[in-house]
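>>> below is the structure, and that's it, no one-letter string:
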């Protein structure tokens, strides 16, 4: 009985530690700036949605949302297609001596390097191509990061699928690429889904490159746009927290929806 | 798209393109990576040996930027802050994550909910995590101040005080990333073989004995991987600090990433910043590869 009580108490404690900050964000977003700074209430006494309305009418939050969705969608989609093909090539084909076994390691190395290391040259590249503050510049950058990740993750999924199935399809007259597309790809679908989910999360949340590569609401993504609300001398706590709620809500909802894939993607490489 | 067209052509033309197929499949991905990551990396190496003015290279200075780093007090301080930050955060995350994973190993009512809720901190956008903690720490509008005032105290001073701000940053990181540690370690625990534990139970070994002699030694590789992964990531921490403290007060929370960013984009010392980042990149790579080698040796023995 006592272990049961201890277990319940620990669970409640952990839940409280995780949820209390979230509660504070949401509750602040429903207060007026006056209530936030002068009254310091523990819950909104006069709940208001004004902060949210103001974000969209005065702070161009609609464009940040659109930019985030467009950039995330295209960079993940392109990276998935290119990554799936690349991963398959590495998993199935014998590459020439210089490349055999090295392509994967090479991409893994790129993945280990902190993104901040590549920040300056990518900025210079986009500057010289005239792609600063544009969707295309962000999409190209995110696609490259996502490709290294997709290849690295999907390679193991393809290796797990028996070659015999493809060979059977080819005996039946399918081409090599056709066998890949019609047999292997559908079988690897759960793995591809896990990869895609992960890429969406990382891309949607990215801030550093968005900070350096965008400057106006034309291309600013949501995290980047949210950061513009901060750092003035007088912080607009109310809009800031409302922006935080909108920035977090879709991605948390999405993550909880696909929880099982997410946990698998998170832990797979680490435990094997 | 082009690869699909190529494959159709391949079927029409026969076996000739069979040899080319792997390259055709690798090409799109490699081209993107070469263009947007590898070329910039090389360009970054070049930039790191130059002096810049207003974003344009003005002179070759060889390794001078690199040499300069080691007499730059601000850089050395930021490196020290980063090492402290990484060591503290990752240790807390490892201990807490391991404890939580052991706690959750047995199925009980509420574990589903616990695991679901624990996913939230690491999927919330890092910028938003920083906002959340600003709302907690802020002296005028924060939760700590509200709590303190509700109990009759005064304003909480977190972000204005160097030590408190640093601790506040560590707390943020622990809140955000302990769940990841927990998930990796839980998966590791669940994949351990049952037999040794049953044998231990038959022998009547106590909980501590089982942990010290069985669980911990068997979990060491997984624990090591989890720690290495977190360490590498923590070295690159940027978003949360940028939004929470901007590196301040003073230099108390100025990680190398923040110092490098400011050097490049605020002070326009592009070449010097490039040298700084190349150095950090090499440190992280060396860390990663020595960890991998170490793990292999542990595995083999």
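Arrived safely. This one's a predicted model, so the numbers in the text were calculated from it and none came from an experiment.

>>> so for the longest helix along chain A, mean pLDDT?
Counting by DSSP state H, the longest helix found in chain A is helix A:61-92. Averaging pLDDT along helix A:61-92 gives 91.

>>> please apply the same query to stretch B:233-252.
For stretch B:233-252, mean pLDDT is 89.

>>> go through it and flag the buried ones.
B:233-245, B:247-249, B:251-252 (16 or more other CB atoms under 10 Å in any protein chain shown). Bear in mind the C-beta positions are built from the backbone N, C-alpha and C, glycine included.

>>> within reach of chain A, which of these are there?
B:235, B:236, B:238, B:239, B:242, B:243 (CB under 8 Å from any CB of the partner chain).

>>> before we move on, which element is the last one in?
Element membership of residue B:243, judged by DSSP states H and E, is helix B:239-244.

>>> mind giving me the packing neighbours of that helix?
Using 3 or more CB pairs under 8 Å, 6 or more residues apart in numbering or on different chains; DSSP states H and E, the elements in contact with helix B:239-244 are helix A:222-228, helix B:126-137, helix B:162-190, helix B:256-261.

>>> pLDDT below threshold where in the stretch 51-200 of chain A?
A:96-101 (pLDDT under 70).

>>> again, only this time at 80
Low-confidence segments of the stretch 51-200 of chain A, defined by pLDDT under 80, are located at A:92-105, A:107-108, A:111, A:162-167, A:169-176.

>>> burial count for residue 90?
Assuming you mean chain A. 26 (other CB atoms under 10 Å in any protein chain shown).

>>> that's the other chain; I wanted chain B
Based on other CB under 10 Å, the number of other residues close to residue B:90 is 25.

>>> wasn't it part of a strand?
No: using DSSP: H, G, I helix; E, B strand; the rest coil, the assignment for residue B:90 is helix, not a strand.

>>> gap between it and residue B:84?
The spacing between residue B:90 and residue B:84, counted by CB to CB, to the nearest Å, is 11 Å.

>>> what's the answer for residue A:132, then?
Residue A:132 is 35 Å from residue B:84, by CB to CB.

>>> the two: which has the busier surroundings?
Neighbours around residue A:132 and residue B:84, counted as other CB under 10 Å, are more numerous at residue A:132. The numbers are 17 against 13.

>>> quick one: that one and residue A:215 touch, right?
Yes: if you go by CB atoms under 8 Å, residue A:132 and residue A:215 touch, sitting 7.2 Å apart.

>>> where exactly do the strands run in the stretch 1-150 of chain B?
Counting by DSSP state E, counting those that start in this stretch, the stretch 1-150 of chain B has strands at residues B:50-53, B:56-60.

>>> most neighbours per residue, which of those strands?
Mean neighbour count (mean count of other CB atoms under 10 Å in any protein chain shown) peaks for strand B:50-53 among the strands of the stretch 1-150 of chain B, with a mean of 17.

>>> partner strands of that strand, parallel or antiparallel?
Looking at strand B:50-53 with DSSP bridges, its partner strands are strand B:56-60 (antiparallel).

>>> assign the residue nearest the centre of chain B to helix, strand or coil.
With distances taken as CA atoms, centre = their mean, residue B:233 lies nearest the centre of chain B, 1.4 Å away. At residue B:233 the chain is in helix, as set by three-state DSSP.

>>> stretch A:33-52 and chain B in contact?
Yes: counting by CB under 8 Å from any CB, chain B has neighbours in stretch A:33-52: A:36, A:37, A:40, A:41, A:42.

>>> from these, keep the buried residues only.
By 16+ other CB under 10 Å, the residues of stretch A:33-52 next to chain B give A:36, A:37, A:40 as buried.

>>> make CSV out of these and add pLDDT.
Conversion of those to CSV gives the following (pLDDT from 0 to 100):
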residue, pLDDT
A:36, 76
A:37, 72
A:40, 70
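
>>> for the residues you listed, which one is nearest residue A:165?
residue A:36 (60.5 Å; CB to CB).

>>> how close does that closest one get to residue A:239?
Residue A:36 is 11 Å from residue A:239, by CB to CB.

>>> hang on, residue A:31 packs against residue A:38?
No: with contacts counted by CB under 8 Å, residue A:31 stays clear of residue A:38, the gap being 10.6 Å.
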